[in-house]
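Engineer: A structural model of the following input is requested.
(2 chains)
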Number of protein chains: 2
Amino acid sequence: MPKRFTPEEYAQGVLAGNRVLLSRAITLVESTLPSDQTLAHEVMELVLPHAGKSVRVGITGVPGVGKSTFIEAFGNYLLEQHGKKLAVLAIDPTSQRTGGSILGDKTRMETLAANPSAYIRPSPAGKTLGGVARSTRESILLCEAAGYDVIFVETVGVGQSETAVHEMVDFFLLLMLAGAGDELQGIKKGIMEMADAVAITKADGANLHPATSAQAEYQGALHLFPLGASKWSPRVTVCSAYDKTGLAPLWETVMDYVTLTQENGSFAQRRKDQNLHWLKHSIRQSLEERFYQHPFVQEQWEQMAQQVVQGQKSPFAAAEELLQGTK
Amino acid sequence: MPKRFTPEEYAQGVLAGNRVLLSRAITLVESTLPSDQTLAHEVMELVLPHAGKSVRVGITGVPGVGKSTFIEAFGNYLLEQHGKKLAVLAIDPTSQRTGGSILGDKTRMETLAANPSAYIRPSPAGKTLGGVARSTRESILLCEAAGYDVIFVETVGVGQSETAVHEMVDFFLLLMLAGAGDELQGIKKGIMEMADAVAITKADGANLHPATSAQAEYQGALHLFPLGASKWSPRVTVCSAYDKTGLAPLWETVMDYVTLTQENGSFAQRRKDQNLHWLKHSIRQSLEERFYQHPFVQEQWEQMAQQVVQGQKSPFAAAEELLQGTK
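Structural biologist: Residues are numbered from 1 along each chain as shown, chains lettered A, B, ... in the order given. Down below sits the predicted model:
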């Protein structure tokens, strides 16, 4: 058991950009021990006034899209060309990470991991989506307080974690592969409409032509869809982590988005909405956890749910019975 | 106060297709009086085994798209050409319905309203989305038990009710107008990806050409998006309520969808998922209602939410404080 620090020691270490203290603080917000959680709340309260000054970018895409190499190339570009400090976090509640995932596979991001301006933190293992979403969101704030001005939050592109990431970032980037319909395999319905940009990866060699065709097609398609509150028109770009091409236009896209939304107020509004979202979401999760763990519900749930699913019982009547039993 | 019937009387009346009893039963499921609710549960239990045998079609589109005239034309087509019995329900929690809405404006659907094979029920006034969703869902089942084999559930296309309707129908139809980008005005982001079909309305006269161009554009765009669990490729059609054209291809589209999804099992699966959704949704709503009405939360909420929104307090810490206060 490593020595515990006081909340002030954690906060001062984080604010000084001390990577060891930052990692320890993140471990603290990831912990489920009640005493750690109390301490974590105190640390968060001290760092909160110093957080918020970054661009938070969510990055998703199915395995095979080249997410790890993309993040390494794009990350190095930001460090070298723009002098950024970059933190890379991940949401992956399954915790059994397989091939194609950057953060379980450090060898594929050697240069980024070795750069003192980059901080890379794998997803905690064995946590639920709710737990990992919470700790990732607090980790973003800790990294910001430690001076990182670009935060990538990576997700795997096949589950529900995209929605959670979308609710904690400023900009949501979907990576896709070109290739006649195949590009859709594994992408969940609804994720396209969350994207602020789509980047077609591996646009090099023989792939370049299909990639630029796909770019034109998707750009045309996205223009037909309604805009969100930000009034931003999603863009489609092509890039190659291998040739290191397309990275500048992509960063320009992110910056154009930030400029537009800061000017029209939706950047700040989105963050406010997200804060409120996590308050309500967190309340909802606790209420449901309490309910579903109630002995009466535990005992009745299987049978009741089956009757409802089979259409033998009204869902509303069943809900009322279960709620009565927990009062 | 009208005379109350026994649960058996209601159920027998509904099953016999008695429109007066059907209307009275729907009034019962709409009621918020506890004694009515108990009675409604008993009626629903008797009726449930006889429900389910319809095609449930959700219809949405912004005001001005011609929803009322479309529903009248499409409804009459189904009655006359296919011998269907049609029930038209609505979800509109705002209750202050303005122009362009069919159900507050019976004069625009005279012929349908006059047809004994059609049953038209306006949305109850002054209810919340949760309340109206619940009563609409039970009304669907009552109409099915009364022998209606096609159910339209209309929604207004600008709020959150689309998601609720999507969760209670088999097929979701989005009505759109052709016209260079304007067609997107008012449609909420995300609704396009819910649609099983898009029908471009008012495709007549000088509008026919723009409508068929829009059809081609949208059809191309939708092919680029991932399919849902049903494996159905959304289709785009054109129609004119004035010329009575495009109604047959649209109904064919619905029937093709039903055939495909019944064969691959996703039709039944979607209904099962929806049953479970409403059970969980209903539990969630009650838990949250209880929580937000708690005196401690009522007293603390404003200030706490403000601090969270402004980034002065962690949403997770605030949630915990509020939850502690209600224990």
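
Engineer: can you pull the buried residues of stretch A:116-125?
Structural biologist: Neighbour counts over stretch A:116-125 (16 or more other CB atoms under 10 Å in any protein chain shown) mark A:117, A:118, A:119, A:120, A:121, A:122, A:123, A:124 as buried. For every residue, glycine as well, the C-beta is placed using N, CA and C.

Engineer: How is chain A partitioned into domains?
Structural biologist: A:1-50, A:52-264, A:278-325 (automatic domain parsing).

Engineer: Kindly reformat those domains as TSV containing mean pLDDT.
Structural biologist: Below are those laid out as TSV (pLDDT from 0 to 100):
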stretch	mean pLDDT
domain A:1-50	92
domain A:52-264	86
domain A:278-325	95
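
Engineer: Make a markdown table from those and add distance to chain B to it.
Structural biologist: Below are those laid out as a markdown table (distance: least, CB to the nearest CB, whole Å):
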| stretch | distance to chain B |
| --- | --- |
| domain A:1-50 | 5 |
| domain A:52-264 | 4 |
| domain A:278-325 | 4 |
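
Engineer: Check those for me and report the most buried one.
Structural biologist: Comparing the domains of chain A by mean neighbour count (mean count of other CB atoms under 10 Å in any protein chain shown), domain A:52-264 comes out on top with a mean of 19.

Engineer: So what's the gap between it and the chain middle?
Structural biologist: 9 Å (CA atoms, centre = their mean, to the nearest Å).

Engineer: for chain A, what spans make up the helices?
Structural biologist: A:7-15, A:19-30, A:34-47, A:67-82, A:110-114, A:129-145, A:161-166, A:208-223, A:247-263, A:266-292, A:295-309, A:315-325 (DSSP state H).

Engineer: Mind listing residues that contact the second one?
Structural biologist: Read it as helix A:19-30. Residues outside helix A:19-30 that contact it (CB atoms under 8 Å, 6 or more residues apart in numbering or on different chains): A:2, A:5, A:9-10, A:12-14, A:36, A:39-40, A:43-44, A:47, A:119, A:121, A:124, A:127, A:134-135, A:138-139, A:142-143, A:146.

Engineer: Could you rerun that using 6 Å?
Structural biologist: The contact list for helix A:19-30 (CB atoms under 6 Å, 6 or more residues apart in numbering or on different chains) reads A:10, A:13, A:14, A:36, A:40, A:43, A:124, A:135, A:138, A:139, A:142, A:146.

Engineer: Next: the fourth one.
Structural biologist: Surrounding helix A:67-82, the residues in contact under the criterion CB under 6 Å, 6+ apart are A:61, A:84, A:86, A:102, A:108-109, A:111-112, A:115, A:117, A:150, A:175, A:201, A:241, A:244, A:247.

Engineer: Next, give me the two most distant ones among the buried residues of stretch A:116-125.
Structural biologist: For those, the farthest-apart pair by CB to CB is A:117 and A:124; their separation is 23.7 Å.

Engineer: Got the confidence number for the nearest residue to residue A:262 once chain neighbours are set aside?
Structural biologist: Nearest residue to residue A:262 in three dimensions, chain neighbours excluded: residue A:268, at 7.5 Å (CB to CB, 6 or more residues apart in numbering or on different chains). On pLDDT, residue A:268 comes in at 97.

Engineer: what about residue A:268, how many neighbours?
Structural biologist: 13 (other CB atoms under 10 Å in any protein chain shown).

Engineer: Can you give the contact residues for stretch A:220-232?
Structural biologist: Under CB under 6 Å, 6+ apart, the answer for stretch A:220-232 is A:234, A:257, A:260, A:261, A:266, B:184, B:187, B:189, B:192, B:221, B:224.

Engineer: cool, stretch A:150-165 as well?
Structural biologist: A:54-62, A:78, A:84, A:86-92, A:129, A:133, A:140, A:143, A:169, A:186, A:191.

Engineer: measure it end to end?
Structural biologist: 15 Å (CA to CA, to the nearest Å).

Engineer: Give me the nearest residue to residue A:246, chain neighbours excluded.
Structural biologist: residue A:239 (3.0 Å).

Engineer: Just to check, that neighbour is in contact with residue A:197?
Structural biologist: No: Residue A:239 is not in contact with residue A:197 according to CB atoms under 6 Å; the separation is 10.6 Å.

Engineer: thought residue A:190 was touching residue B:194?
Structural biologist: No: assessed by CB under 6 Å, residue A:190 is found out of contact with residue B:194, at 8.4 Å.

Engineer: Excluding chain neighbours, what is closest to residue A:179?
Structural biologist: Nearest to residue A:179 is residue A:210, by CB to CB, 6+ apart, at 6.1 Å.

Engineer: What separation do you get for that neighbour and residue A:219?
Structural biologist: Distance, residue A:210 to residue A:219, using CB to CB, to the nearest Å: 15 Å.

Engineer: Please apply the same query to residue A:284.
Structural biologist: Residue A:284 is 37 Å from residue A:219, by CB to CB.

Engineer: likewise residue A:61?
Structural biologist: For residue A:61, the distance to residue A:219 - CB to CB - is 18 Å.

Engineer: Residue A:37 too?
Structural biologist: 46 Å.

Engineer: Residue A:317 too?
Structural biologist: Distance, residue A:317 to residue A:219, by CB to CB: 50 Å.

Engineer: swap in residue A:22?
Structural biologist: 39 Å.

Engineer: And for residue A:187?
Structural biologist: For residue A:187 relative to residue A:219 (CB to CB), the value is 17 Å.

Engineer: Residue A:128 now?
Structural biologist: Taking CB to CB, one finds residue A:128 at 37 Å from residue A:219.

Engineer: Turn the contacts of helix A:19-30 into a markdown table, including distance to residue B:323.
Structural biologist: Shown next, in a markdown table, are the contacts of helix A:19-30 (distance: CB to CB, whole Å):
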| residue | distance to residue B:323 |
| --- | --- |
| A:10 | 25 |
| A:13 | 30 |
| A:14 | 27 |
| A:36 | 18 |
| A:40 | 16 |
| A:43 | 20 |
| A:124 | 23 |
| A:135 | 18 |
| A:138 | 18 |
| A:139 | 23 |
| A:142 | 23 |
| A:146 | 30 |
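
Engineer: which of these lies closest to residue B:304?
Structural biologist: residue A:138 (17.8 Å).

Engineer: Next, the contact list for the closest one, please.
Structural biologist: So residue A:138 contacts A:29, A:44 (CB under 6 Å, 6+ apart).
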